[in-house]
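Got a predicted model here, sequence first, then my questions.
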Amino acid sequence: MEATKRGKKVVVVMPAYNAEKTLGRTLDDIDRSWVDDIILVDDDSRDGTVDLARRLGLRVFVHEKNKGYGGNQKTCYSEAMKIGAEIMVMIHPDHQYDPRVIPQLVQPLLDGSCDAVFGSRMLGGRPLEGGMPKWKYLANIFLTAAENITFYMYLTEYHSGLRAYSRRYLETVNFKANSDDFVFDSEIIAQGVLGGMRIREIPIETRYFAEASQVGLRRSIVYGLSILKMLIKFKLHEKGWIRYALFNAPGAGRTRRA
């Protein structure tokens, strides 16, 4: 499906770190008829990710120092919008998430029925069969419940790394004020809540294998505590008791599940 037929420019963004072994497989699964351009942002990898990405014809941006997962996404979205992207699809180049669902991620945004589409491992129905550690599965359920209660909305998962955003979403929220760490993914949803963004989910499956990037138990604990801290800030800001620059973005109203 060409951009002229779609009416909106779709750009895949890849936050990369040591993805040389899996980048090719990830690209092979992307239906290029749904994508106009692919951007890879390398976060100071120690392998041949950058050279391979350039050989494969991707737009490549390199961080000279590691900026973290959130910092990488900031560059991804900023550079995509510079080239006129109207829909940005984040795909991890470690091949853990299946890029073949790009049409399902993109179509609701083309239709204008929502502002963001998230892949959900929980909606997919078999996260443990895909190899997700049980402790990570249980933590995901707990944190998702806490976020649903805080935001007065219902999503089956807030922590998937497979997402598509409209330009409107990213121009409404202050994503550059977010953390450079993993909590970025939850902060950008909280900002969307305050901006009245509409979110839809689609079921996805994930793969867990040696080359796929995974966060260990210690980092996961820090991540979980960071999310809970962010939720407290959100409620304080929403009630007007303490104002946080993180949430000072244009837009009003509540996010709705589309």
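Alright, I've got the coordinates. Numbering: from 1, shown residues only.

contacts and neighbour counts: CA atoms only from here.
Fine.

Against residue 222, how distant is residue 247?
Taking C-alpha to C-alpha, to the nearest Å as the measure, residue 247 falls 22 Å from residue 222.

quick one, which of those two is more surrounded?
Between residue 247 and residue 222, counted using other C-alpha atoms under 10 Å, residue 247 has the larger neighbour count: 24 against 12.

any idea where the helices of the stretch 101-250 of the chain begin and end?
For the stretch 101-250 of the chain, the helices defined by DSSP state H, counting those that start in this stretch cover 102-111, 121-124, 134-151, 167-172, 184-194, 217-238.

Lowest average confidence across those helices, which one?
Lowest mean pLDDT within these: helix 121-124, a mean of 83.

Next, work out how far apart the nearest residue to residue 93 once chain neighbours are set aside and residue 120 are.
Using C-alpha to C-alpha, 6 or more residues apart in numbering and skipping the chain neighbours, the partner closest in space to residue 93 is residue 23 (5.0 Å). Using C-alpha to C-alpha, residue 23 is found at 22 Å from residue 120.

go on, residue 225?
The value you get for residue 225 to residue 120, if C-alpha to C-alpha is used, is 22 Å.

what about residue 23 and residue 120, which has more around it?
Taking other C-alpha under 10 Å, residue 23 and residue 120 do not tie; residue 120 has more neighbours (25 against 20).

Please verify my assumption that that one contacts residue 199.
No - contact criterion C-alpha atoms under 8 Å: residue 120 and residue 199 do not qualify, at 12.0 Å.

Show me the shaky parts of the stretch 1-150 of the chain.
Along the stretch 1-150 of the chain, the model assigns pLDDT under 70 to residues 1-5, 124-131.

For the protein, which segments count as strands?
Assigned by DSSP state E, the strands in the chain fall at 10-16, 37-42, 59-62, 87-90, 116-120, 163-166, 198-203, 256-257.

tell me the angle the first one makes with strand 37-42.
I take that to be strand 10-16. For strand 10-16 against strand 37-42, the angle by axes from the mean of the first three to the mean of the last three C-alpha atoms, to 10 degrees is 20 degrees.

Name the residues that touch strand 10-16?
Residues from elsewhere that reach strand 10-16, judged by C-alpha atoms under 8 Å, 6 or more residues apart in numbering: 3, 34-43, 45, 49, 69, 72-73, 76-77, 80, 85-94.

want to throw the helices of the stretch 101-250 of the chain into CSV with distance to residue 161?
What follows is the helices of the stretch 101-250 of the chain, written out as CSV (distance: least, C-alpha to C-alpha, whole Å):
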stretch, distance to residue 161
helix 102-111, 13
helix 121-124, 10
helix 134-151, 13
helix 167-172, 16
helix 184-194, 8
helix 217-238, 14
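
tell me the most buried of those?
Among the helices of the stretch 101-250 of the chain, helix 184-194 has the highest mean neighbour count (mean count of other C-alpha atoms under 10 Å), at a mean of 23.

Check which helices and strands it sits against.
helix 68-82, helix 217-238 (3 or more C-alpha pairs under 8 Å, 6 or more residues apart in numbering; DSSP states H and E).

looking at these, which is closest to residue 164?
Of all these, it is helix 68-82 that lies closest to residue 164, at 10.9 Å by C-alpha to C-alpha.

Just the residues contacting that closest one, thanks.
Residues contacting helix 68-82 (C-alpha under 8 Å, 6+ apart): 11, 13-16, 39-43, 88, 167, 170, 175-176, 178-185.

hang on, residue 47 packs against residue 18?
Yes - the pair residue 47 and residue 18 passes the contact test of C-alpha under 8 Å, sitting 5.6 Å apart.

Just want to know which of these two has more residues nearby.
residue 18 (21 against 13).
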